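Peer 1: model the structure of this input:
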Amino acid sequence: MKISLEHLQKKYGKTCALSDFSIDMSPGIYALLGPNGSGKSTLMNIITDNLKADRGEIFYEDENIPRENVLTLGPRFRALLGYMPQYPAMYGNFTVWDYMWYMATLKDLYSSEKRRKRKQLIAEEIEKRLCEVELLEVAHSKISHLSGGMKQRLALAQALLGKPSVIILDEPTAGLDPKQRIAVRNLIARIALDRIVLIATHVVTDIEFIAKSIILLKEGKIVDVASAAELSRKMEGKVWDLPLGAEDDVSAMEKNYRVVGILKNEENGNVHLRVLSNVAPTMQATPLSPTLEDYYLFVFGKV
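Peer 2: Residues are numbered from 1 along each chain as shown. You can find the predicted model right below:
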């Protein structure tokens, strides 16, 4: 299974939202990282055929479909696709179960089966997906009564209906508490063992330990593509612990250095800054182990 995005470009007036974007994706998790306006949503909308690219092509192939342009596949490709938008539209008067059934109908699941068998298969599938996102207990509650985190998990559940080969997730953990974030993150990791998953997120820790490859976008262009470990290694020797004396002004330090963390030792009152710099900012600075977030902030600027 493989998706090839080749030289995609999209402009809004004079603004280039996506410029010559090319990448090959096979089963695993690909994470899109970048600030607002970097082109993440534009890219996902092009892949899901909600937006037409000005230039470029998308090809898909697996054991059943030889290399073919996604646009020519039409409904056949959409049947292979699961999509979770950042702000999914939901009908508040629907119950969770009714909404899942509605989405299964739109996706035309099990359409080749006889009516009774089809209803049974859809019901079994809905129950399985709701169990995966821990929503089965509220299956008959109205969507309007759900919390924001529950709605987010429901949006993920509908994206998994039909076991799609390609899954596009826009901010899948927004609104979730830490326990739910880990559960959803682990679920996505299991799904991606034999499927292509593309995630757009602002939360670096959500993809740091599960992404096969991380795509950094800036103003519509690919800045870097590598694993989290490889990107973190690029920051070796560029992350520093900078201790401050009692007379030092934190605000003044922030003007002179790229400060990404401030920690005060409650025992002695000393303040330590986490600073990104190509060279040691002062003689007192000592090197720290870099993280993916350090690299993200180094590329995209101050917090």
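Peer 1: quick one: low-confidence parts of this protein?
Peer 2: Within the chain, the segments meeting pLDDT under 70 span 246-247, 302-303.
Peer 1: residue ranges for the helices of it, please.
Peer 2: Under the criterion DSSP state H, helices of the chain are mapped to 40-47, 70-73, 75-78, 96-106, 115-132, 148-159, 178-191, 204-207, 228-233, 250-256, 292-300.
Peer 1: would JSON lines of those helices with distance to S19 be doable?
Peer 2: The C-beta positions use only the backbone N, C-alpha and C, and glycine is treated the same way. Putting those into JSON lines (distance: least, Cβ to Cβ, whole Å) gives the following:
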{"stretch": "helix 40-47", "distance to S19": "10"}
{"stretch": "helix 70-73", "distance to S19": "20"}
{"stretch": "helix 75-78", "distance to S19": "24"}
{"stretch": "helix 96-106", "distance to S19": "33"}
{"stretch": "helix 115-132", "distance to S19": "37"}
{"stretch": "helix 148-159", "distance to S19": "28"}
{"stretch": "helix 178-191", "distance to S19": "28"}
{"stretch": "helix 204-207", "distance to S19": "23"}
{"stretch": "helix 228-233", "distance to S19": "21"}
{"stretch": "helix 250-256", "distance to S19": "32"}
{"stretch": "helix 292-300", "distance to S19": "17"}
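Peer 1: with mean neighbour count and distance to M25 as extra columns, can I get those helices in JSON lines?
Peer 2: Below are these laid out as JSON lines (neighbours: other Cβ atoms under 10 Å; distance: least, Cβ to Cβ, whole Å):
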{"stretch": "helix 40-47", "mean neighbour count": "23", "distance to M25": "10"}
{"stretch": "helix 70-73", "mean neighbour count": "16", "distance to M25": "12"}
{"stretch": "helix 75-78", "mean neighbour count": "15", "distance to M25": "14"}
{"stretch": "helix 96-106", "mean neighbour count": "19", "distance to M25": "24"}
{"stretch": "helix 115-132", "mean neighbour count": "15", "distance to M25": "23"}
{"stretch": "helix 148-159", "mean neighbour count": "21", "distance to M25": "17"}
{"stretch": "helix 178-191", "mean neighbour count": "16", "distance to M25": "14"}
{"stretch": "helix 204-207", "mean neighbour count": "20", "distance to M25": "14"}
{"stretch": "helix 228-233", "mean neighbour count": "16", "distance to M25": "17"}
{"stretch": "helix 250-256", "mean neighbour count": "11", "distance to M25": "39"}
{"stretch": "helix 292-300", "mean neighbour count": "20", "distance to M25": "20"}
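Peer 1: ok, which of these comes nearest L244?
Peer 2: helix 250-256 (6.9 Å; Cβ to Cβ).
Peer 1: packing partners of the closest one?
Peer 2: strand 239-244, strand 258-264, strand 271-276 (3 or more Cβ pairs under 8 Å, 6 or more residues apart in numbering; DSSP states H and E).
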